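>>> okay, structure incoming, though there's no sequence with it:
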């Protein structure tokens, strides 16, 4: 990352004896440093850790977007005062709950300071790659999963994720993906419809 920030990832190992059929959950200890000085840490539960991302916001502050749970949710750290917000969608919080529902898995966020929109590459489990869009004008205000605009369309459709599947760039008036472009005006219109 830039501005002297660096994240170091450490595997956590549980040496406690356990039933041979039940391995302990895997986890990582993630530590944030600036210019070699330790400033923040979090624990990432389960599986491979997704990389944290530094975002320079239009409000003049810098934020770290990171992940505490293997698949679902996101966290944001305000690097100016170290305040933090965490979100795991309720419907995806417990894989063993009878009401469990898949939500979008964040992989790589891309911020546009001109519109304060955040485009996030990722997927729904066992579905093609797609991009969601959300309002990131107030980074510590959590935007719940039902307010994310999935540009891939509706899950289960044969065309899900075909056009808006891989981020290329934010342009002054549009989001450019590898297979297509969508105007910011259309994104905003679709977001208003999605939250009604």
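Yep, it's here. The model shown is predicted, which means the values in this text are computed figures rather than measured ones.
>>> can you pull out the strands in the protein?
5-12, 27-34, 37-45, 53-56, 62-66, 74-78, 84-87, 105-112, 117-123, 129-135, 149-150, 167-170, 174-177, 180-183 (DSSP state E).
>>> to residue 192, which of the ones you listed lies closest?
strand 149-150 (9.6 Å; CB to CB). Heads up, the C-betas are built off the backbone N, CA and C, glycines and all.
>>> quickly run through the sheet partners of that closest one, with directions.
Strand 149-150 has its sheet partners listed here by DSSP bridges as strand 129-135 (antiparallel).
>>> outside of the strand it pairs with, which residues touch it?
Applying CB atoms under 8 Å, 6 or more residues apart in numbering, the contact partners of strand 129-135 are 104, 116-124, 143, 147-152, 160-161, 164-167, 175, 177, 187, 191.
>>> again, but for stretch 171-180
Residues outside stretch 171-180 that contact it (CB under 8 Å, 6+ apart): 112, 114, 117, 119, 131, 133, 151, 162-170, 181-185, 187.
>>> show me what counts as buried in it.
Neighbour-count burial for stretch 171-180 flags 174-175, 177 (criterion: 16 or more other CB atoms under 10 Å).
>>> pick out the lowest-pLDDT one from the residues you listed.
Lowest pLDDT of the buried residues of stretch 171-180: residue 177, 91.
>>> give the closest residue to it in space, chain neighbours not counted.
Distance criterion CB to CB, 6 or more residues apart in numbering; nearest residue to residue 177, sequence neighbours excluded, is residue 164 at 4.9 Å.
>>> list the contacts of that neighbour.
Contact analysis of residue 164 by CB under 8 Å, 6+ apart lists 130-131, 151-152, 175, 177, 179-180, 182.
>>> pick the one among those residues closest to residue 39.
The closest of those, once distances to residue 39 are taken by CB to CB, is residue 131, at 30.8 Å.
>>> who is that closest one paired with across the strands?
With DSSP bridges as the rule, residue 131 is bridged to residue 121.
>>> kindly state the pLDDT recorded for it?
92.
>>> now residue 188: how far from residue 172?
Distance, residue 188 to residue 172, using CB to CB, to the nearest Å: 14 Å.
>>> what does the worst-scoring helix or strand of the chain on mean pLDDT contact?
Least confident helix or strand of the chain, by mean pLDDT, DSSP states H and E, is helix 184-195 with a mean of 84. Here helix 184-195 makes contact (CB under 8 Å, 6+ apart) with 112, 115, 117, 133, 135, 147-149, 151, 173-175.
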